[in-house]
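**Student:** Pasting the sequence and the predicted coordinates here, then a few questions.
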Amino acid sequence: MKLRRLSHAVFMAFVAAASAGPAFALPPSSPTAPLRVEVVDDAALGKLTGKYDGTDMLVGVRIDLVSTLATAQGGTATAVGSLHVQRNDHGGYDVQVDSRASAAAGSSDAPASNNIATGGEQIHVEGIGQITQIAGDGNRMGNLTVVQLGTNPAAPSGFNGASSAQAQDGTLQAQISFVGGGVQLGLVAPGATIGQQVTPGASGRITQIGQIAGDGFTASNALNLQMMTTAMPASAVQQLGIQQALSAASGLRH
């Protein structure tokens, strides 16, 4: 599924999170748990502008990201992050965040390659962009993005409050950080660059990229975005209706 534009309200929540400080990681989950996907079409997402979706109010956002990389020589690198933003009873937002990174060198460095995989980092897509460039042999690369709308998000637990994390072992590197209200994950090995980026703002976007020029790499990017809504009270619906009516009347000629 591709989106032409992500909800501005979603990215406003990211900005709120960035001003709150520290950062983020995924809660433990069973490796055998089935993946559940809820398909959200462009028509439904297109209504998510500002703070409201029809008569529902956006009250929270949760985003989970995981990037992994494995070399043919047994090296591994992983970056994991989670962000949970929830509207509270005082009109503000409660923010929880977590970030973790790990790297382990294999038995030896990957052999040098004359292959080149470049240019994908120059592509900018409003919405969700998934880019894969593979110039070597025996490689596997996957990008997955899941968008869900709901009212009962999983309660955050085990968040470490760190706004960034990085790890390096030999030539393998992993890093994750919250910058400018968004998120960046990156994994680097000789012959491979894997990453994800969430950019806030009116032209906000999610980018997943995999560039592999060596041989025998296995890599993946996964992102799960949950947007939580609740029914607006009758008074708020009435106020919104009055505002829309006055806005329409202001365009009439006198």
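**Tutor:** Happy to help now that I have it.
**Student:** Was I right to think Ala165 contacts Gln175?
**Tutor:** Yes. Ala165 is within contact range of Gln175, at 7.1 Å (criterion: C-beta atoms under 8 Å). All C-beta spots, glycine's among them, are computed from the backbone N, C-alpha and C.
**Student:** Between those two, which contacts overlap?
**Tutor:** Any residue near both Ala165 and Gln175 by C-beta atoms under 8 Å, 6 or more residues apart in numbering counts here, and that gives 79, 101.
**Student:** Give me the below-cutoff pLDDT ranges for the protein.
**Tutor:** For the chain, applying pLDDT under 70 flags the ranges 1-57, 152-155, 202-203, 232-254.
**Student:** where do the strands sit along it?
**Tutor:** Assigned by DSSP state E, the chain shows strands spanning 52-53, 56-70, 76-87, 93-104, 127-134, 140-150, 164-169, 172-179, 182-189, 192-199, 205-212, 218-231.
**Student:** Put together TSV for those strands, with mean neighbour count on each row.
**Tutor:** As requested, these are exported to TSV (neighbours: other C-beta atoms under 10 Å):
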stretch	mean neighbour count
strand 52-53	18
strand 56-70	22
strand 76-87	24
strand 93-104	22
strand 127-134	18
strand 140-150	17
strand 164-169	17
strand 172-179	22
strand 182-189	24
strand 192-199	23
strand 205-212	24
strand 218-231	20
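**Student:** Can you tell me which of the ones you listed is nearest to Asn114?
**Tutor:** Ranking the strands of the chain by proximity to Asn114 (C-beta to C-beta) places strand 205-212 first, at 14.0 Å.
**Student:** What is that closest one packed up against?
**Tutor:** Here strand 205-212 touches strand 127-134, strand 140-150, strand 192-199, strand 218-231, going by 3 or more C-beta pairs under 8 Å, 6 or more residues apart in numbering; DSSP states H and E.
**Student:** Show me what the second one is packed against.
**Tutor:** For strand 140-150, the helices and strands in contact under the criterion 3+ C-beta pairs under 8 Å, 6+ apart are strand 127-134, strand 205-212, strand 218-231.
**Student:** Of all these, which one is nearest Ser67?
**Tutor:** It is, among those and with distance given as C-beta to C-beta, strand 218-231, at 5.1 Å.
**Student:** That closest one to strand 56-70, inter-axis angle?
**Tutor:** Here strand 218-231 runs at an angle of 170 degrees relative to strand 56-70 (axes from the mean of the first three to the mean of the last three C-alpha atoms, to 10 degrees).
**Student:** Now distance to Val85 too, for the helices and strands packed on strand 140-150, in JSON lines please.
**Tutor:** Formatted as JSON lines, those follow (distance: least, C-beta to C-beta, whole Å):
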{"stretch": "strand 127-134", "distance to Val85": "19"}
{"stretch": "strand 205-212", "distance to Val85": "16"}
{"stretch": "strand 218-231", "distance to Val85": "9"}
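**Student:** which stretch among those strands comes nearest Val97?
**Tutor:** Comparing the helices and strands packed on strand 140-150 under C-beta to C-beta, the one sitting nearest is strand 218-231, at 14.9 Å.
**Student:** helices and strands around the closest one, which ones?
**Tutor:** Partner elements for strand 218-231 (3+ C-beta pairs under 8 Å, 6+ apart): strand 56-70, strand 140-150, strand 192-199, strand 205-212.
**Student:** could I get these as CSV with distance to Asn224?
**Tutor:** Formatted as CSV, those follow (distance: least, C-beta to C-beta, whole Å):
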stretch, distance to Asn224
strand 56-70, 5
strand 140-150, 5
strand 192-199, 12
strand 205-212, 11
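**Student:** Thr229: which of the ones you listed is closest?
**Tutor:** With respect to Thr229, and counting by C-beta to C-beta, the nearest of the helices and strands packed on strand 218-231 is strand 56-70 at 4.0 Å.
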